[in-house]
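Q: Return a 3D structure for these sequence lines:
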Amino acid sequence: MNLKTLLRIAFLGLVASGLSAQEIPAVFKNLKAGKPQTVVLYGTSLTAQGAWAGALKEWLQTAYPKQVTVLNTAGPGQCSDWGLQNLGEKVLKHKPDLVFIEFSYNDAHEKFKMSLPKGKENLDAMVKAIHAQNPDTTIVLQIMNIGWDAPNGNRSLSVRPQLLAFNENYRVYAKEQKLPLLDHFIAWNQLKDTKPEIFQSLIADGSHPTKEGSLLYTWPLVKNWLETARGI
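A: The predicted model follows:
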């Protein structure tokens, strides 16, 4: 199965969970009307250090010159406990019109001893707090790449024994709340299974995609959502 097909499968999943061709999020309606908008990227180091985040900023600022402020307030090495505790300072104070959220990768890390229900509770609390501030804020959930046990000793995959279950938290919640979900795991996991040497080269440290990997396997789904949500 090629990348184009995998992205199509993932895209159909996000459409089913929260975006139809007829629905244009308020953030894009406001941009079309010439109003300035603020975008916040929130999550783990997969957001803080991800080349996809820079590509998103460039796409928005090119499409809407001088209208969009993009803030990457993610916390490297953090889980959704931190995400919820710091939501006011990292997200709410910026009064965002669009927020991207991902924490399942680190919620699954055994060092945090997080239960599956707690992970979902944290996600729900963050979403509710953002919408309490502004019901029109668009919230996009993300499931990031799978890891592997690179030779650096970090055991990036082994220390996340419940990663699939924490990812499922996001799938179920997105469906329940009708929120857009960008499921990057699909393409990355397929690459891991079919071309392990390429997969490992693109995630050399076991967790973080290289710039090339992020732009090849994470950014395309984000871009697809932006283009579709924009309504063009």
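Q: and residue 156, how many neighbours does it have?
A: 21 (other CB atoms under 10 Å). (Each C-beta comes from the backbone N, C-alpha and C, glycine too.)
Q: if you go through this protein in chain order, where are the strands?
A: 37-42, 68-72, 98-101, 138-143, 181-183 (DSSP state E).
Q: would CSV of these with distance to residue 87, mean pLDDT and mean neighbour count be doable?
A: As requested, the strands of the chain are exported to CSV (distance: least, CB to CB, whole Å; pLDDT from 0 to 100; neighbours: other CB atoms under 10 Å):
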stretch, distance to residue 87, mean pLDDT, mean neighbour count
strand 37-42, 8, 98, 22
strand 68-72, 13, 98, 18
strand 98-101, 10, 98, 25
strand 138-143, 12, 98, 25
strand 181-183, 20, 98, 25
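Q: Switch those strands over to TSV, and while doing so, append distance to residue 62 to every line.
A: What follows is the strands of the chain, written out as TSV (distance: least, CB to CB, whole Å):
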stretch	distance to residue 62
strand 37-42	14
strand 68-72	10
strand 98-101	16
strand 138-143	19
strand 181-183	20
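Q: Show me the one of those strands that comes nearest residue 78.
A: Among those, strand 37-42 comes nearest to residue 78, with 10.1 Å by CB to CB.
Q: Could you say which one of the strands of the chain comes nearest to residue 149?
A: strand 138-143 (20.1 Å).
Q: packing partners for the closest one?
A: The contact analysis (3 or more CB pairs under 8 Å, 6 or more residues apart in numbering; DSSP states H and E) places strand 138-143 against strand 98-101, helix 116-133, helix 163-177, strand 181-183.
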